[in-house]
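Asker: pasting the sequence and the predicted coordinates here, then a few questions.
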Amino acid sequence: MKLSVLMSAVLIGLISSLVEASEDINRAAPNCALSSLDVSERYDLQRFKGKVVYVDFWASWCGPCVQSFPYMNTLDKELKEKGLQVLGVNLDENSEDAKQFVSQTPPEFMVAADDNGACAKEFGVKAMPSTFLVDRKGVIREIHYGFRPGEAKEFRSKVEQLLAEPIN
């Protein structure tokens with residue numbers, strides 16, 4: 001009996017997350033202020049206008065994030081020339097933790113820091129990692145929470161669909 005109650009609670013939580021995510025798509029992506037990990041450069045998401053942007057919020061303590069970096073490296077390498085911009089946004093409170101993570105799991109894509117967490121809040125980050133696919137017009141079209149290698153092929157297909165859409 002206790003197991004079925006627990007399973008019901010988990011199922012309700014998953015359904016709630018899916019409903020919340022579906023309510024967050026098809027809205028304009030926030031134009032957040034970000035910085036490089038060493039804070040030497042500042043920029044905002046408008047810099048990627050006209051590209052499909054794969055925005056991935058991550059943290060050094062996130063186990064699935066370690067698995068997602070090689071996947072994002074592959075996406076960047078194979079789809080950058082078609083108009084994809086992969087952007088990893090770090091949410092660590094201590095920048096040294098983020099720097100150590102990227103030294104051990106080197107990204108081949110752009111990595112930024114969300115210094116005060118405002119960008120994560122505006123996007124509505126609910127899990128680690130949280131990934132948002134933003135189309136060329138700046139609209140959030142897909143949201144994915146967590147990273148499971150078995151879902152990578154399906155998510156890549158969604159990226160390729162956005163890249164195939166005509167540029168207006």
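Answerer: Great, that's in hand. Numbering: from 1, shown residues only.
Asker: how long is stretch 34-52 end to end?
Answerer: In stretch 34-52, first residue to last residue: 18 Å (C-alpha to C-alpha, to the nearest Å).
Asker: who's in contact with that stretch?
Answerer: Residues outside stretch 34-52 that contact it (C-beta atoms under 8 Å, 6 or more residues apart in numbering) are 29-33, 53, 55, 83-85, 87, 89-90, 95, 98-99, 102, 111-115, 119, 133-136, 138, 159, 162-163, 167. For the C-beta atoms, the positions are set from N, CA and C on the backbone; glycine is no exception.
Asker: at 6 Å what do you get?
Answerer: Outside of stretch 34-52, the residues within contact range by C-beta atoms under 6 Å, 6 or more residues apart in numbering are 31-33, 83-85, 98-99, 111-113, 115, 136, 162-163.
Asker: and these, which are buried?
Answerer: 32, 83-85, 98-99, 111-113, 115, 136, 162-163 (16 or more other C-beta atoms under 10 Å).
Asker: which ones among the residues you listed are found in helices?
Answerer: 98-99, 162-163 (DSSP state H).
Asker: closest one of the buried ones among the contacts of stretch 34-52 to Phe123?
Answerer: Checking the buried ones among the contacts of stretch 34-52 against Phe123 by C-beta to C-beta gives Cys32 as the nearest, at 7.6 Å.
Asker: per-residue confidence for that closest one?
Answerer: Note on Cys32: pLDDT of 92.
Asker: Val55: what secondary structure?
Answerer: Following DSSP: H, G, I helix; E, B strand; the rest coil, Val55 is assigned to strand.
Asker: who's in contact with the closest residue to it other than its chain neighbours?
Answerer: Spatial nearest neighbour of Val55, excluding adjacent residues (C-beta to C-beta, 6 or more residues apart in numbering): Phe132 at 4.5 Å. Neighbouring residues of Phe132 by C-beta under 6 Å, 6+ apart: 55, 123, 140, 143.
Asker: can you rerun that using 8 Å?
Answerer: 29, 54-56, 123, 140, 142-143.
Asker: same deal with Glu93?
Answerer: By C-beta under 8 Å, 6+ apart, no residues touch Glu93.
Asker: how close does it sit to Pro106?
Answerer: 22 Å (C-beta to C-beta, to the nearest Å).
Asker: and if you look at Asn26?
Answerer: 34 Å.
Asker: what ranges do the strands span in this protein?
Answerer: 27-28, 33-35, 42-44, 52-58, 84-90, 110-113, 130-134, 139-145 (DSSP state E).
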